[in-house]
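> With the input below, show me the fold.
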Amino acid sequence: MFRFDFRDKSMIPTILGTDNRDYLERLTPVLEQEKIHPSGVVRLRDAAFCEERGVRQLSVSAAHTALVENEDYQRLAHRFGTDGHVIRNGLAVFPTCTAVEYGQKVLLFDKTETGDKELAKLLDGITEKFFEGKGKPKELGFYEVAPLDARYRGTMGDWQVASPEILNYGICIKRLDMAPTLRNFNRLRNLPLVKVPLAKE
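The predicted model follows:
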């Protein structure tokens with residue numbers, strides 16, 4: 001679910017009757033022309049959980065990073081499709097890709113076996129140099145991104161470098177502190193994407 005704020009409401013494409021399959025095609029050129037990015041992005045499954053539990057939409061408590069700490073959200077993962085299996089099993093109508101924010105760099109990874117391997121390779125490289133302090137960013141950010149731009153959807157491949165602007169279309173799912181401590185190192189190594197976990201904290 002995307003929220004777009006238009007200064008000129010007349011620019012919003014008209015919703016036509018009951019068949020609006022081409023709405024995204026009509027909306028995207030207007031967004032590009034007016035340089036409008038989402039002012040809020042919410043997974044519909046997260047929105048459904050918030051609606052049922054009385055959590056105000058687009059509030060701090062409704063952020064995905066806050067919801068994953070919520071016991072009810074964890075308990076009902078299978079019901080709201082929040083456990084990752086929905087997208088992986090091809091049930092997502094609007095598929096996403098994984099974006100990794102590493103300093104000024106943003107890398108997009110497709111949800112394919114090769115995309116997963118490339119992501120694991122990136123994380124292995126970051127892990128190997130974890131205790132080297134030179135030029136390392138303070139945080140590593142992970143996002144679920146649903147690019148509206150057709151060039152990303154059509155030519156994604158397994159991975160690619162992207163503009164940081166793409167994060168406007170993403171939901172932050174995890175942030176890792178990159179300060180060189182054993183605790184932070186273990187958090188990085190124990191990510192589900194990395195297959196060889198070290199000792200628990």
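
> And the most centrally placed residue in the chain, what's its pLDDT?
The residue lying closest to the centre of the chain (CA atoms, centre = their mean) is E144, at 1.6 Å. E144 is assigned 84 on the pLDDT scale.

> Could you pull out the buried residues of the helix or strand encompassing it?
E144 belongs to strand 139-145 when assigned by DSSP states H and E. Neighbour counts over strand 139-145 (16 or more other CB atoms under 10 Å) mark L140, G141, F142, Y143, E144, V145 as buried. All C-beta atoms are positioned from the backbone trio N, CA, C, and that covers glycine.

> The residue nearest to P38 when sequence neighbours are not counted bridge partners, please.
Counting by CB to CB, 6 or more residues apart in numbering, F2 is the residue found nearest to P38 once chain neighbours are left out, at 4.6 Å. Listed beta-bridge partners, F2: V41 (assigned using DSSP bridges).

> Just give the strands next to the strand holding E144 in its sheet, each with its orientation.
strand 97-102 (antiparallel), strand 170-177 (antiparallel).

> Pull the last one out as CSV, backbone CA atoms only.
Read it as strand 170-177. Only the C-alpha atoms of strand 170-177 are listed here, as CSV (Å, rounded to 0.1, in the frame of the first residue of the first chain):
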residue,chain,number,x,y,z
GLY,A,170,10.7,0.1,0.4
ILE,A,171,9.8,-1.1,3.8
CYS,A,172,12.7,-1.3,6.2
ILE,A,173,12.7,-4.8,7.7
LYS,A,174,16.0,-4.8,9.6
ARG,A,175,18.9,-2.4,10.6
LEU,A,176,22.2,-3.7,11.8
ASP,A,177,24.6,-1.7,13.9
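
> Would you mark the buried spots in the helix or strand following that strand?
Next helix or strand after strand 170-177 toward the C-terminus (DSSP H and E): helix 182-189. For helix 182-189, burial by neighbour count (16+ other CB under 10 Å) applies to N184, F185, R187, L188, R189.
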